[in-house]
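Chemist: got a predicted structure plus its sequence, pasted below:
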Amino acid sequence: MRTIFLLVFTLTTTFVFGQSPSGTVKGTVKSPSGTPLSRVSVQAANSGKSASTDDNGSYTLPLPAGNYEITYSAPGHTPQTVSVTITPGATIVQDIILATQSPSIGNANPTPKPQPFFSEAPLPDR
């Protein structure tokens, strides 16, 4: 009888105290045209936790309970930051559309005009 009591007590305390006070943020990141974006960086500020999207634009980021600023970034797209509150055991679905970044004129690298290989000066008369 004592063995059964110890077994039940151990399993109960493991279940109650073994639960981590964490939750999950998950979702899909797409372009404005609705195309899923792969390899988007998903970072929760001040947590040291990050994830990246798969080929379907999906991500999952487990986080301890708390308030977070989550930044989504990818080359050629404008980064986006959202605030989320994680509660123990909860899963928050946060779908994102990342705007396409327009190239700035300051970054343009025009191709130089080719120079002729011969002189355009008139030849002397003979």
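Modeler: Sure thing, it's come through.

Chemist: how far away is T53 from S83?
Modeler: 20 Å (C-beta to C-beta, to the nearest Å). (C-beta placed from N, C-alpha, C; glycine too.)

Chemist: these two: which is more packed in?
Modeler: Ranked by neighbour count (other C-beta atoms under 10 Å), T53 and S83 place T53 first, with 23 against 9.

Chemist: mind listing what that one touches?
Modeler: By C-beta atoms under 8 Å, 6 or more residues apart in numbering, the contact list for T53 reads T28, V29, P36, L37, S38, R39, V40, V42, Y59.

Chemist: at 7 Å instead, please
Modeler: V29, L37, S38, R39, V40, V42, Y59 (C-beta atoms under 7 Å, 6 or more residues apart in numbering).

Chemist: please name the nearest non-neighbouring residue to the third one.
Modeler: With sequence-adjacent residues excluded and distances taken as C-beta to C-beta, 6 or more residues apart in numbering, S38 is closest to D55, at 4.8 Å.

Chemist: I'd say the one you found and V40 touch.
Modeler: No. Counting by C-beta atoms under 7 Å, D55 does not reach V40; the two are 11.3 Å apart.

Chemist: counting neighbours, go ahead and name the busier of those two.
Modeler: Set D55 next to V40 and count neighbours by other C-beta under 10 Å: V40 wins out with 24 against 9.

Chemist: would you mind measuring from that one to S33?
Modeler: From V40 to S33 the distance is 15 Å (C-beta to C-beta).

Chemist: how about T71?
Modeler: Taking C-beta to C-beta, one finds T71 at 22 Å from S33.

Chemist: okay, strands next: where are they in the chain?
Modeler: Taking DSSP state E to define them, one finds strands in the chain at 22-30, 41-44, 49-52, 58-64, 66-73, 80-86, 91-93, 96-97.
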